[in-house]
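# let's see this in three dimensions:
(chains A and B)
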2 protein chains.
Amino acid sequence: MQWVKVLGGVVGAAAVLGLGIIVGHFAIPKGADSPAPSASASQDLDMKILETLMEQLDANRIRENLRELSKEPHLATSPRDEALVQLLLQRWQDPESGLDSAGTTEYEVLLSFPNGEQPNRVDVVNSTGAILFSCRHSEENVTGEQGDPNVVPPYAAYAPPGTPQAVNAAKYGVAGVLVYTDPKDINDGKSLPNETFPHSWCLPPSGVERGSYFEYFGDPLTPYLPARPYSFRLNSDNASGFPPIPIQPIGFEDAQVLLCNLGGNLAPADWQGGLGCDYNLGPGFRSNSIFPEDSQVNVSVHNRLELRNSSNVLGIIRGAVEPDRYVLYGNHRDSWVHGAVDPSTGTAVLLELSRVLGTLLKKGTWRPRRSIVFASWGAEEFGLIGSTEFTEEFFSKLQERAVAYINVDISVFANATLRVQGTPPIQSVVFSAAKQISAPGSSGLSIYDNWIRYYNRSSPVYGLVPSLGTLGAGSDYAPFIHFLGISSMDIAYTYDRSKTSARIYPTYHTAFDTFDYVDKFLDPGFSSHQAVARTAGNVLLRLSDSLFLPLNVSDYSETLRSFLQAAENLSVLLEQHNISLGPLVTAVEKFEGAATSFNQRIATLQEGTPNPLQVRMINDQLMLLERTFLSSQAFPEERYYSHVLWAPRTGSVATFPGLSNAYSQAENTGHDRPTAWDEVQRQLSIVVAALEGAAATLRPVADL
Amino acid sequence: MQWVKVLGGVVGAAAVLGLGIIVGHFAIPKGADSPAPSASASQDLDMKILETLMEQLDANRIRENLRELSKEPHLATSPRDEALVQLLLQRWQDPESGLDSAGTTEYEVLLSFPNGEQPNRVDVVNSTGAILFSCRHSEENVTGEQGDPNVVPPYAAYAPPGTPQAVNAAKYGVAGVLVYTDPKDINDGKSLPNETFPHSWCLPPSGVERGSYFEYFGDPLTPYLPARPYSFRLNSDNASGFPPIPIQPIGFEDAQVLLCNLGGNLAPADWQGGLGCDYNLGPGFRSNSIFPEDSQVNVSVHNRLELRNSSNVLGIIRGAVEPDRYVLYGNHRDSWVHGAVDPSTGTAVLLELSRVLGTLLKKGTWRPRRSIVFASWGAEEFGLIGSTEFTEEFFSKLQERAVAYINVDISVFANATLRVQGTPPIQSVVFSAAKQISAPGSSGLSIYDNWIRYYNRSSPVYGLVPSLGTLGAGSDYAPFIHFLGISSMDIAYTYDRSKTSARIYPTYHTAFDTFDYVDKFLDPGFSSHQAVARTAGNVLLRLSDSLFLPLNVSDYSETLRSFLQAAENLSVLLEQHNISLGPLVTAVEKFEGAATSFNQRIATLQEGTPNPLQVRMINDQLMLLERTFLSSQAFPEERYYSHVLWAPRTGSVATFPGLSNAYSQAENTGHDRPTAWDEVQRQLSIVVAALEGAAATLRPVADL
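This is a model prediction of the structure:
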């Protein structure tokens, strides 16, 4: 990732790419069984309830939630994390504003922590081993919160212990990695104490970004199995996905001392940053540096792997008509430090949304058509662990019954505009919600009209529309979409990119991510929080209460078209290897045709008075379309990824990931290796079969 | 398989086991999109319609169907096979007695045929190469049908070409395999021409059993992908599952000449048979034999692999209330020769059943609640190819919507009793049907009461009941249960085991399996055919028309208990390796508890007036339970098998197959290899997770 500046302290600035790959995964901004006898099977979305919900979502209550949630550090499985489990249970079991039921599930998972007795160290030593300089072991106590004894010292989770020596370095190349965040990338260049928090939203010089360096997601020891006591666990030596060498994050204040004294050749222009000096590549320090030339950087990492019990909290509102259809809404609970922004801005919204709905429920004013499941996930910062174990434990139940998953992690990055990532079928319901809610501020625009000013695209079908992002693996939606094929989305308010180039809010994963930071700089007045609560709540209610599910399967056609177009740019080389795109073209056309007439049948039904089973049949087709894109054969070497449209793409061409990756592989290595082109053909077949299968589920059900 | 006697012609009787494994697989006896506005959502099974169906199923029409179907040989993809495709289409499109729609789907699949120009040969030659004796190239023309130019010469499909020489034999051990069927195993000892067909049902001396020797099922070149033109095909050299050496089947008349002259040590007692001589092991002929001692057996196999288009025929009756729920009923169409018994006894029943239902449909008397799909599969004899490609092409649609699959391949093996193989949930519906129909003959018993006299077990829940068999891979149900997790069954009438020990009807897969054979010896009067038609039709109508699906998930508890009991016999060694069965016990108890209260909820609903969505919810739980037992992690090295209860078991202990196999592996090789015991623990975890997941789908849907 370009924003990650790396100092190979011991051996010079190698491993940029390697680290980029290791980091990329999480460093990306995170974005009663029977219907109530009274309930009518034809019950549809009640606009009055929707308006009531919009009105009652209270900015000030969100602010108070945030204050409580971010009062203390709540690292996964820490006492405060467990205390918040109780807080959530208590809220969801409240007689006036609670849900039908709430409970917790515990998983025994492998986490990684620094060693309390032996702090990780980064020192510059001379040839006799005397320490000339030491990086900070903790962040400066600027506002009081940084002095909390429960602040976990900066570390790189899952980075192995080790104290690399120069001799190893010389022998093996890269022996250790230092990571820091450059003022140019995070602070729009600002780096002086009086320019940074608490004087601005910028990251103070001592701020250090923590993170997980585990390559996959889920508990590292129990892939595909819930991390229950009964489950087989790999020996941690046999577990894969951990970084191969020690890693330690430091602040830019310390990075400056090391980097500005480094010798060797000048680093490339796009590696230069905001520390006020030329960045060199090393190895070693320059002759005129503050350190003797033969000085070395010693990195000592003492991280420990530990099995810990992590809890998910689940709260349910039973559906009145279709209790066996679940609309899921979740966010993680654990933070690196106080986690005011990440994840508490999301949890504060979650609690306010469940309070308002719970109150309507307890008053007897409302009960959703479908069941609503609220979730507070544990140990997300270590690798989406709580949510992944949940999808592993309830695999069958969720694949059969889950309508959609709504993720609101960091709800406010900034106050400019809505930002939504999701799969195409959720575009329509998000647009409907965004058009119904007015944007914060004085513009008088709807959230939709404001959104389109910042992020838009020209759709061949709809013209100019806000552009949705795609779902990577940056938050808990990943196991739902990639492993289970459940239509998912992530909703937040975010930046005006013309005003800042910060890759994410500056105090991300540091001890400066505190309540005051949000209250003073991110969202004073909490109107953006309220906007996100309204948008997510509006979407949630539409999904839970609409007679026909507000998912538009036709919106997948645009994705398929663009992937097909990209694939057609490869046709020359493909044809040289006797691989025809004809079947793919046909399959895409079949999908388009099936989706179009499917929507026409829905429209016709909506004009009449469809019976409950006709509606259920259509809704099952809508709900299950996303599942039809999963293939167990597509990505054998990936973990959990099985969606033929959204798996990780290493190939340069923006087409179906399996095809793109196999093509690059063949292009680079395969001209004389027919098997590489066989794999291209195989991947193409898998996509065609999936699209044909998807189209088949949209046709009239009794057609051959 | 004990019944297979093997002559390693060139090198003596090795490879018995190897062949057993290769053969076992198939040598086992085979055994408008909207509800009609009129249709009521609470429509339940109409007993009058059921009685009408029972009455109208006509033995004589089944006989006439059989005469037509078995008139000529109809090997897969032969002109007669294609003619039968047209016959089925015409019947299912008949304006008076047809279905709502019918069509065909073609797959381009890899088959194996003998070479028309170069017949396979088995000769005895002397040291100069002069031929002293030749096995027949075709069966004796006893009744005229055997002379039909379209009779395919005896061969072992997918056995590679080759002409093994003694020198190779000496060098490599087994170089070729001869297979024959011994009179002791197939004819209750009878072997003289005047004791065999047409004088009795026994196999004539020249009869040769054809078969497929492909190890897996489905098209060999397109595993997991439908064999459509667009699909990636393996190069046949890279395809796996073919026998490694030439194989040729011969008649016992020829086998006698070879075997009774063989020298070497006396073969084990249970290898001795009914050819009227001592069976020796070879190598070579004995000194006083009719052949010079240095004579050799030369085997020349010239089989060819060919890509052929094979058709499935599908016919649909649209459901009135739940058209998106499919009850499937199928059988294969292709035979080895005339195939009167296999498969035409099944197809004759299929055509009569679809005629009666089609007539009720066209008269407007009846339309099922759910859709009914009739299927005539192609190329089953080569490895369940048509049905497997169908499940690959419509994977998503079927996993979402298929209620059950009913297979009626050979419908009559003999006239003694009903025989049903299936998964536990189908026991109840089969019993209901069997109790309602009277058995053929003068006993006056119901099919159920007659059945219990021949095959029974003592159930802890029900006391003495007929015993169901389990589903292997002997017919087209295999991909439905093993690959898709669809509750399946196979229905037939079969032997009185006190009257014959024939492993299967004697003319199985020979040119003597003709209409007269069935008409004179297997089922004169066709009353057993009628009994099977009534039983299968009764089950079909109950599955398609019952308001609540007549599947009893509680009946899985007995299986789980017996598997658990068997596992507990392993506990000593398991505990030595710190593997506890506690979680398995808990999981089984959870399943039992969940299933019991689930059935209680159904009973309560049935007392009241449940609304359509309450019924649908329950039915979805019933339909999808079987799916919850599938695990993508359980059997990575198997093809298609993923059901944690019914995969192939190589371990000796009759418990969960993955556990049983891993345990045997560890017991035999693993005492000092901890990884072998890790695999036992992993397999145990997979079963526990599947059972926990299954139980979760049976609990009240809005429970956590």
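# is the residue lying closest to A:S42 once chain neighbours are set aside in a helix, a strand, or coil?
Taking CB to CB, 6 or more residues apart in numbering or on different chains, and ignoring the residues beside it in sequence, A:S42 has A:L547 as its nearest neighbour in space, at 6.5 Å. The C-beta positions use only the backbone N, C-alpha and C, and glycine is treated the same way. Here A:L547 is coil, with the state taken from DSSP: H, G, I helix; E, B strand; the rest coil.
# can you pull the phi/psi pair for A:L547?
According to degrees, to the nearest 10, the main-chain angles of A:L547 amount to phi -60, psi -50.
# what about it, distance to A:N619?
Separation of A:L547 from A:N619 (CB to CB, to the nearest Å): 9 Å.
# what does A:V461 give?
23 Å.
# tell me the secondary structure at A:R616.
helix.
# burial of it, as a residue count?
When neighbours are counted by other CB atoms under 10 Å in any protein chain shown, A:R616 registers 23.
# repeat that for the one 4 residues further on.
If you count neighbours by other CB under 10 Å, A:D620 ends up with 20.
# what's the answer for the one 4 residues further on, then?
By other CB under 10 Å, the residues close to A:L624 number 22.
# now it, nearest residue through space, not along the chain?
Nearest non-adjacent residue to A:L624 (CB to CB, 6+ apart): B:E400, at 5.5 Å.
# for whatever helix or strand the one you found lives in, C-alpha coordinates in PDB please.
Per DSSP states H and E: B:E400 is located in helix B:395-401. Output of helix B:395-401 as PDB, limited to C-alpha atoms (Å, rounded to 0.1, in the frame of the first residue of the first chain):
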ATOM      1  CA  PHE B 395     -26.700 -27.300  -8.600                       C
ATOM      2  CA  SER B 396     -28.100 -24.100  -7.100                       C
ATOM      3  CA  LYS B 397     -31.700 -24.600  -8.200                       C
ATOM      4  CA  LEU B 398     -31.800 -28.100  -6.900                       C
ATOM      5  CA  GLN B 399     -30.100 -27.300  -3.600                       C
ATOM      6  CA  GLU B 400     -32.700 -24.500  -3.000                       C
ATOM      7  CA  ARG B 401     -35.800 -26.300  -4.100                       C
END
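# tell me the buried residues in it?
B:395-401 (16 or more other CB atoms under 10 Å in any protein chain shown).
# for that helix, name the packing helices and strands.
helix A:612-624, helix A:674-698, strand B:322-332 (3 or more CB pairs under 8 Å, 6 or more residues apart in numbering or on different chains; DSSP states H and E).
# what's next to stretch A:53-72, contact-wise?
The contact list for stretch A:53-72 (CB atoms under 8 Å, 6 or more residues apart in numbering or on different chains) reads A:80, A:84, A:87, A:148, A:150, A:335, A:338-340, A:344-345, A:347-349, A:351-353, A:355-357, A:359-360, A:436-437, A:514-515, A:518-519, A:525-527, A:529-530, A:533-534, A:537-538, A:541.
# the more surrounded of A:V461 and A:N619?
A:N619 (20 against 10).
# distance check, the more buried one against chain B.
11 Å (CB to the nearest CB, to the nearest Å).
# and that residue, what does it touch?
Counted by CB under 8 Å, 6+ apart, A:N619 has contacts A:325, A:548-549.
# out of these, which is nearest to chain B?
Of all the contacts of A:N619, A:R325 has the smallest distance to chain B: 8.6 Å, by CB to the nearest CB.
# the closest one: how many residues sit nearby?
27.
# next one: the one 3 residues further on
The local packing of A:L328 (other CB under 10 Å) involves 26 other residues.
# same deal with A:W451?
Neighbour number of A:W451 under other CB under 10 Å is 26.
# could you say which helix or strand contains it?
Going by DSSP H and E, A:W451 is part of helix A:447-454.
# may I see the buried residues of that helix?
For helix A:447-454, a neighbour-count test (16+ other CB under 10 Å) marks A:447-448, A:450-452, A:454 as buried.
# who touches A:L84 in this structure?
Neighbours of A:L84 in contact, by CB under 8 Å, 6+ apart: A:69, A:74, A:333, A:376.
# redo these as JSON lines? Include secondary structure, pLDDT and neighbour count.
Below are the contacts of A:L84 laid out as JSON lines (DSSP: H, G, I helix; E, B strand; the rest coil; pLDDT from 0 to 100; neighbours: other CB atoms under 10 Å in any protein chain shown):
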{"residue": "A:L69", "secondary structure": "helix", "pLDDT": "98", "neighbour count": "27"}
{"residue": "A:H74", "secondary structure": "coil", "pLDDT": "98", "neighbour count": "27"}
{"residue": "A:R333", "secondary structure": "coil", "pLDDT": "98", "neighbour count": "31"}
{"residue": "A:S376", "secondary structure": "strand", "pLDDT": "98", "neighbour count": "29"}
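# where does chain A have low pLDDT?
A:1-39, A:165-166, A:168-172, A:670-672 (pLDDT under 70).
# what segments of the stretch 501-650 of chain A are helices?
A:515-517, A:527-545, A:556-568, A:571-576, A:582-607, A:612-624 (DSSP state H, counting those that start in this stretch).
# tell me which of these sits most buried.
Per residue and on average, the most neighbours among these fall to helix A:527-545, with a mean of 26 (mean count of other CB atoms under 10 Å in any protein chain shown).
# how close does A:G251 get to chain B?
In terms of CB to the nearest CB, A:G251 sits 43 Å off from chain B.
# that residue against A:V208, yeah?
Yes. Using CB atoms under 8 Å, A:G251 is in contact with A:V208, at 4.9 Å.
# common neighbours of the two, please.
A:136, A:139, A:154, A:180.
# nearest to chain B among these?
A:P154 (36.1 Å).
# what secondary structure does that closest one sit in?
coil.
# check the separation of the first and last residues in stretch A:218-237.
End-to-end span of stretch A:218-237 (CA to CA, to the nearest Å): 17 Å.
# redo the helices of the stretch 501-650 of chain A as a markdown table? Include distance to B:P700.
Converted to a markdown table, these look like this (distance: least, CB to CB, whole Å):
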| stretch | distance to B:P700 |
| --- | --- |
| helix A:515-517 | 40 |
| helix A:527-545 | 18 |
| helix A:556-568 | 34 |
| helix A:571-576 | 53 |
| helix A:582-607 | 30 |
| helix A:612-624 | 19 |
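# related to what we said a few turns ago, just want the angle from the helix or strand just after the helix holding B:E400 to strand B:322-332.
Downstream of helix B:395-401, the next assigned helix or strand under DSSP H and E is strand B:402-407. Angle, strand B:402-407 to strand B:322-332, by axes from the mean of the first three to the mean of the last three CA atoms, to 10 degrees: 20 degrees.
# now for strand B:402-407, which elements pack on it?
strand B:322-332, strand B:488-494, helix B:527-545.
# so what touches that strand?
Applying CB under 8 Å, 6+ apart, the set of residues contacting strand B:402-407 is B:325-331, B:370, B:426, B:475-477, B:480-481, B:484, B:486-491, B:536, B:539-540, B:543, B:549, B:551, B:623.
# before we move on, the earlier item: as JSON lines, the buried residues of helix A:447-454 with distance to chain B would be great.
JSON lines is the format used below for these (distance: CB to the nearest CB, whole Å):
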{"residue": "A:I447", "distance to chain B": "32"}
{"residue": "A:Y448", "distance to chain B": "33"}
{"residue": "A:N450", "distance to chain B": "37"}
{"residue": "A:W451", "distance to chain B": "34"}
{"residue": "A:I452", "distance to chain B": "35"}
{"residue": "A:Y454", "distance to chain B": "37"}
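# on that earlier part again, packing partners of the helix holding A:W451?
For helix A:447-454, the packing partners by 3+ CB pairs under 8 Å, 6+ apart come out as strand A:417-422, helix A:427-436, strand A:463-466.
# quick one: contacts of the helix or strand following the shortest one?
On the C-terminal side of strand A:463-466, the closest following helix or strand by DSSP H and E is helix A:477-478. Under the criterion CB under 8 Å, 6+ apart, residues A:217, A:384, A:387-388, A:405, A:407, A:421, A:471-472, A:488-490, A:640 lie in contact with helix A:477-478.
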